[in-house]
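> Sequence and predicted model, in that order:
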Amino acid sequence: MWKAILRPTLTLVVLALAVLAGRALWSHYMYAPWTRDARVRADVIAIAPEVGGQVLDVAVVDNQIVRKGDVLFAIDPARYRLAVQQARAALAATRTERAQKRAEARRRAAVDTTVVSSESRQSAQSTAEAADARAQQAEAMLAAAELDLERTKVRAPADGWVTNLTVRPGSFAVAGHPMLAVVDARSFRVEAYFEETKLGSVRLGAPVDVRLMSGGARLAGHVASIARAIGDPEVEGLLSNVNPTFHWVRLAQRIPVRITLDEIPERIMLAAGMTCTVMIHPGGELAAAE
């Protein structure tokens, strides 16, 4: 008789466990804060020369690691050296003129008013002040010329990797026109796109596990911020362009969540654009408390 009781009991127990397991899996899949839609991001700094001229030398190769201040490429400095010499000559001339005008103003100020009128004294003083202003202007022009000469050597603004190197010796550099880029080594992060149904479990500062698609390497991080807006394709200009039909299909929008990586082991190579899976653990603060 016990067999007749045990068999339906085991069946009910197995069925109950299956229901609980299915519900747990469904809740985990639908509401747990995890996503496969995540990308590694980094700041890409566009490198553009501040002065123009022919490129004489390129000191780096594509994908090379560089340190902040390293020379990337050099522009022909001949024209800028001549500009510095010209500015120095102009400064010397204005300083000589300033010394002369100051001496004249002092002599006229020392003479009795019966010999030199007040108007003549004021005129000499104004001329001296004008000469002083021209000297200051010449000093500024010299500083600008020296700065342009220094900027013929284009340097890395941050530690990182050279990418998209298209400049070659003999190329003509145009001021303000990007010629290569540097991926900032200190800016790597993860941008994870969570469905809006899962945002209720996302907390600022919560610990995060990041698993890279490339080899399954794991990284640790924490939630840094949650985006407060996403684009609306139905808004055009000042008026909403609402689609007149509705197919009764509701898709959860994906909201960007920025994740800061706590540490990047040397053995792991990161590249902006890599795909990864993100799992957020409980903890942290509510986003509204920011």
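All right, it came through fine.
> Okay, now the unreliable bits of the stretch 51-200 of the chain?
For the stretch 51-200 of the chain, the stretches flagged by pLDDT under 70 are 107-117, 119, 121.
> Swap in 80 and give it another go.
102, 104-126 (pLDDT under 80).
> quick one, helices of the stretch 51-200 of the chain?
Taking DSSP state H, counting those that start in this stretch as the test, the helices found in the stretch 51-200 of the chain are 78-110, 118-150.
> want to throw those into a markdown table with distance to V60?
C-beta coordinates here come from the backbone N, C-alpha and C atoms, glycine included. Below are those laid out as a markdown table (distance: least, CB to CB, whole Å):
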| stretch | distance to V60 |
| --- | --- |
| helix 78-110 | 22 |
| helix 118-150 | 19 |
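> Pull up the gap between the residue lying closest to A48 once chain neighbours are set aside and L149, please.
Of all residues not flanking A48 in the chain, P178 sits nearest, at 4.5 Å (CB to CB, 6 or more residues apart in numbering). Distance of P178 to L149, given as CB to CB, to the nearest Å: 22 Å.
> Then V210?
From V210 to L149 the distance is 46 Å (CB to CB).
> ok, now A48?
For A48, the distance to L149 - CB to CB - is 18 Å.
> With G176 instead?
18 Å.
> neighbour-wise, which of the two wins?
Neighbour totals were compared for G176 and L149, and L149 leads with 17 against 10 (other CB atoms under 10 Å).
> mind listing what the closest residue to the more buried one other than its chain neighbours touches?
In this structure, L149 finds its nearest non-sequential neighbour in Y80, 4.2 Å apart by CB to CB, 6+ apart. Taking CB atoms under 8 Å, 6 or more residues apart in numbering, we find Y80 in contact with 51, 53, 145, 148-149, 152.
> Highest neighbour count among the residues you listed?
T152 (23 neighbours).
> That one reaches Q54, doesn't it?
No. Proximity of T152 to Q54 does not meet the contact threshold set by CB atoms under 8 Å, at 10.3 Å.
> what is in contact with the two at once?
With CB under 8 Å, 6+ apart as the test, T152 and Q54 both reach 75-76.
> neighbours around the closest residue to I268 other than its chain neighbours, how many?
Spatial nearest neighbour of I268, excluding adjacent residues (CB to CB, 6+ apart): A217 at 5.1 Å. Residues within reach of A217, counting by other CB under 10 Å, total 16.
> Run a quick check on A217 versus L261, I expect a contact.
No. Contact status for A217 versus L261: not in contact, 11.9 Å apart, counting by CB under 8 Å.
> thought R67 was touching D159?
Yes. With contact defined as CB under 8 Å, R67 reaches D159; the gap is 5.4 Å.
> So for these two, which sits in the more crowded spot?
Remark: of R67 and D159, D159 carries more neighbours, 17 against 11, as counted by other CB under 10 Å.
> Tell me who's in contact with the more buried one.
D159 sits next to 65-68, 184-186 when contact means CB under 8 Å, 6+ apart.
> Apply 7 Å and report the result again.
67-68, 185-186 (CB atoms under 7 Å, 6 or more residues apart in numbering).
> before we move on, back to that, how about the helices of the stretch 51-200 of the chain, which one is nearest S171?
Closest of the helices of the stretch 51-200 of the chain to S171 is helix 78-110, at 16.4 Å (criterion: CB to CB).
> buried sites along the closest one?
Buried positions in helix 78-110, judged by neighbour count with 16 or more other CB atoms under 10 Å: 80, 83-84, 87, 90-91, 94-95, 97-98, 101-102, 104-105, 108.
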